[in-house]
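Participant: Predicted model follows, preceded by the sequence.
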Amino acid sequence: MSCNPYMPMPAKLENVVQETANIKTFLVRPEKPLVFKAGQFIALTVPGIGEAPFTPSSSPSISEKIEITIMRVGRVTEKLHALKPGADLAIRGPLGQPYPLEKYHGQEVLIVGGGVGLAPLRALLFALFEDMGKYKKIFVRYGAKTPADIVYRQAVEAGWGRKEMDVVITVDKRDAGWSGNEGVVTKILAPDKLKCNPKEGVAVVCGPPIMMKFATLELLHLGFAPENIYLSMEKNMSCGIGKCGHCRLGPFYACKDGPVFSFDRIKNLQKIWD
Amino acid sequence: MYKLEKTNLDDFLRTVSKDREVYALEQAGSQYHLIRSDAWQAGKHTLGAFRPVEPLKALVFHPRDLLGSLGDTAPGADIPERIVIGAKNCDVSALKIHDYVFLNTAPVDPAYKEAREKTIIVSCDCTDACEVCFCPAVREQPYPKAGFDINLSPTDRGYVVEAGSERGRQLLEKAGKMLSAADAAILKERDQNRQKLLEKVCAQTEKMGLTCGADLRQAVEKSQGKKIWDDFAEDCVECGACNLICCTCHCFLLADGRGKNNATSRVRQWDSCLYKNFATVAGGANPRRHRAERLHNRFDKKFSFFPEVLGCYACDGCGRCVEACTGKIDIRKVLKRAVNEL
């Protein structure tokens, strides 16, 4: 991080991959390596337009270039989506707290993603892959609106080429070519689709708030302890370092104390799903 | 603890403020304004009976700071050495909030650090209260206990002068020949003055129905979602004046634009949690869609968040928000109702 924590370092956009109609993965090369851990986020600046927070989706063991998967949804992402390789960007980070991987050791890890929420979970998966022996088993349950909205589709459908992983996908609404599951993501968390042991497991959830809410309720129902359910809280962030006040969540700042919180820390707070 | 003769006040202040930009109080009608000048000017400047219209925070946490251009590694504009004369306890105590946010919680905010280091604070006991003062209700008092470099307590026998920091002590050495050891009589008078004014502010606060010492944290926490906020929010026009004039509010926005030579520049500017989109995310979701929720949030930050993380309210009872509010929302009435509905 530069000596002024509000100022980003220059970066170049090296490549853009169209994932879905409104989601692209941007390969960004910072001027200097940016070392981050899975779950930490960065603030990406489109010069002259503004800055927005994103969690990298690439492996945390690579710091020279970072992949960031971004849905076109607001002012900054609209501009980002119009950029071509070679464009000037700026990047600030790492920000926030990483996933507490040491707490996942010896556990079954259930990863539940919804839509573009799979992006930060992909960085987590890459971190888990580096140390597969430390985790009992890895499950991925992913839901997208339609087959065309599945991000990293080839990799997801191939289970990242790892036979030991248990990956199940669902879509809210099938299309003519889809023969897989149909329905919201909680359907593939049901015991007939998920042979995991919640007593020896942690669940990591990232997706739209409504999906996280119902996934959490389902996970609790399955027997996951609140402290073993990890949620990514999406809040309006400006500074990313716990000073500007925007992302307050009860006694926490989502940017500084999160963005990932175990459910027990936030379950008594109001309006966490809004 | 020293004594300063009344007749030496101007000399004393000129000595301690030498070679510094001076921020001092000027009286305008029944109010005071905090105004920059080159030196302490007898007659024009005053220590003031109570706090000025402008909050002290604006000197160290500027309303709008140009942080620099993208890729620019040069530090921001230099802040000159300066001295504030006549700051009151509410403003001095409020800096503990800004210190917590910008200095004592990593990472350090470099612009704030520089401004803070270059600002000497010469505070002064209040000798009167304005109508909206209510500091005893938020566990404060009309004289500073800490946070100053030098404090002055006016009495009929002269001023009690106290150093509150190492640099305050060093400054007092420069004015050594004007100071003598404070005797028991002047200290007794100072304590009596303080007690008398504390009682006066207490009485005017309680006349508004707000009991000094009431548990405001519990009252605000328990009031969430209740009708009190709908009722008061009816008068809120979301102008943000309460936030901007507040001596403790610290929220800001980082905003980007194009500066000189089309260079991308980033500014840090004050923001208001009453603004509708303060917490709205890019996708449009807003955890505080209703004005009542945003009004409660403002109180929750002051009376729940800061007690939790710092052990004190983020309100020092200066009453500026009462004067500034376009909708005439009176924080004392809000707190009173929250306490009464407990």
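Facilitator: All right, it came through fine. Residues are numbered from 1 along each chain as shown, chains lettered A, B, ... in the order given.
Participant: Now do the strands in the stretch 101-250 of chain A.
Facilitator: A:108-114, A:137-144, A:166-171, A:181-182, A:201-206, A:229-232, A:248-249 (DSSP state E, counting those that start in this stretch).
Participant: and these as TSV, adding mean neighbour count and mean pLDDT?
Facilitator: No exception for glycine: its C-beta is placed from N, CA and C like everyone else's. Formatted as TSV, the strands of the stretch 101-250 of chain A follow (neighbours: other C-beta atoms under 10 Å in any protein chain shown; pLDDT from 0 to 100):
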stretch	mean neighbour count	mean pLDDT
strand A:108-114	26	97
strand A:137-144	24	96
strand A:166-171	20	96
strand A:181-182	14	95
strand A:201-206	26	97
strand A:229-232	25	97
strand A:248-249	22	94
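Participant: where does whichever residue of the stretch 201-342 of chain B sits closest to chain A land on pLDDT?
Facilitator: Distance from chain A to each residue of the stretch 201-342 of chain B (C-beta to the nearest C-beta) is smallest for residue B:282, at 2.9 Å. Looking at residue B:282, its pLDDT is 89.
Participant: try residue B:74
Facilitator: Per the predicted model, pLDDT is 58 at residue B:74.
Participant: do the same with residue A:245
Facilitator: 97.
Participant: distance of the closest residue to it other than its chain neighbours from residue B:293?
Facilitator: Of all residues not flanking residue A:245 in the chain, residue B:251 sits nearest, at 3.4 Å (C-beta to C-beta, 6 or more residues apart in numbering or on different chains). Here the criterion is C-beta to C-beta, to the nearest Å. By it, residue B:251 lies 16 Å from residue B:293.
Participant: sec struct for the residue of the stretch 201-342 of chain B closest to chain A, please.
Facilitator: Look at residue B:282: counting by DSSP: H, G, I helix; E, B strand; the rest coil, its state is coil.
Participant: Residue ranges of each domain in chain B, please.
Facilitator: B:2-207, B:216-340 (automatic domain parsing).
Participant: Work out for me the element the residue nearest the centre of chain B sits within.
Facilitator: Nearest to the geometric centre of chain B sits residue B:91, at 2.7 Å (C-alpha atoms, centre = their mean). Secondary-structure element containing residue B:91, defined by DSSP states H and E: helix B:89-98.
Participant: which strands and helices sit next to that helix?
Facilitator: helix B:57-60, strand B:119-124 (3 or more C-beta pairs under 8 Å, 6 or more residues apart in numbering or on different chains; DSSP states H and E).
Participant: Export the very next helix or strand once past it to CSV, keeping only CA atoms.
Facilitator: For helix B:89-98, the succeeding helix or strand toward the C-terminus, using DSSP H and E, is helix B:110-117. C-alpha atoms of helix B:110-117 as CSV (Å, rounded to 0.1, in the frame of the first residue of the first chain):
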residue,chain,number,x,y,z
PRO,B,110,-1.5,11.3,6.8
ALA,B,111,-3.3,14.5,6.2
TYR,B,112,-5.0,14.3,9.6
LYS,B,113,-1.8,13.4,11.3
GLU,B,114,0.0,16.4,9.8
ALA,B,115,-2.8,18.8,10.7
ARG,B,116,-3.1,17.5,14.2
GLU,B,117,0.7,17.7,14.8
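Participant: How about the contacts made by the residue in the stretch 101-250 of chain A positioned nearest to chain B?
Facilitator: As assessed by C-beta to the nearest C-beta, chain B sits closest to residue A:245 within the stretch 101-250 of chain A, at 3.4 Å. Counting by C-beta atoms under 8 Å, 6 or more residues apart in numbering or on different chains, residue A:245 touches A:253, B:250, B:251, B:252, B:271, B:273, B:301.
Participant: I'd like to know how far the closest residue to residue B:256 other than its chain neighbours sits from residue B:277.
Facilitator: Spatial nearest neighbour of residue B:256, chain neighbours left out: residue A:50 (4.7 Å); criterion: C-beta to C-beta, 6+ apart. Note on residue A:50: its distance to residue B:277, by C-beta to C-beta, is 14 Å.
Participant: Compare neighbour counts for those two and give me the winner.
Facilitator: residue A:50 (20 against 10; other C-beta atoms under 10 Å in any protein chain shown).
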